[in-house]
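Q: curious how this folds, go ahead:
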Amino acid sequence: MEELTALLSAYHPLPNQDDTLYWKGKKEFSAKILQQLLHMEVEVEVESLVCSVWMNLVPPKVEFFMWLTLLGKINTKELLCKKGILLDCQTLCTFCSAHTENLDHVLLNCSFSWRVWCSIADDLGQNLASHATFK
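A: Residues are numbered from 1 along each chain as shown. Here you go, the predicted structure:
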């Protein structure tokens, strides 16, 4: 906090003038440009992952599920609430009833799901590392 205060104390707004923010390259900053850049980065990442799903290595229904998952289109309770199908009070995870049921929670972070994944990994002689997001 002290470092931030010291940094900001060197800058004072000028009276009767609009403040502006600039990127390092002296381009004017806008939230819209930042949002576009972030969206482009996520789209490139997802697009390369989504394309890798369709390799005929697993049954088509598994490929389809993975495709929907990578696009964030699985109808979790959180997504159904955003679509207006469920109420805010109906978003708790079906399995653990402790957290909001979103894609990352239901597939990875739910204690029930994690036990299933660990059991499968044990059967295959593998160890799993925990990840915060499915992607």
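
Q: CA atoms for contacts and neighbours, from now on please.
A: Noted.

Q: which parts of the protein are helices?
A: Listed in chain order, the helices of the chain (DSSP state H) span 2-9, 31-53, 60-70, 77-82, 103-104, 111-123.

Q: and those, which one is worst for confidence?
A: With a mean of 61, helix 31-53 has the lowest mean pLDDT of these.

Q: can you tell me what sits against stretch 78-94?
A: With contacts defined as Cα atoms under 8 Å, 6 or more residues apart in numbering, stretch 78-94 is touched by Lys77, Ala98, His99, Thr100, Glu101, Asn102, Val106.

Q: count the neighbours of the nearest residue to the fifth one once chain neighbours are set aside for me.
A: Which is Glu101. With sequence-adjacent residues excluded and distances taken as Cα to Cα, 6 or more residues apart in numbering, Glu101 is closest to Cys93, at 4.3 Å. Applying other Cα atoms under 10 Å, we find 18 residues neighbouring Cys93.

Q: from Asp18, how far out is Cys93?
A: Relative to Asp18, Cys93 is positioned 47 Å away (Cα to Cα, to the nearest Å).

Q: I'm done for today, thanks for sticking with me.
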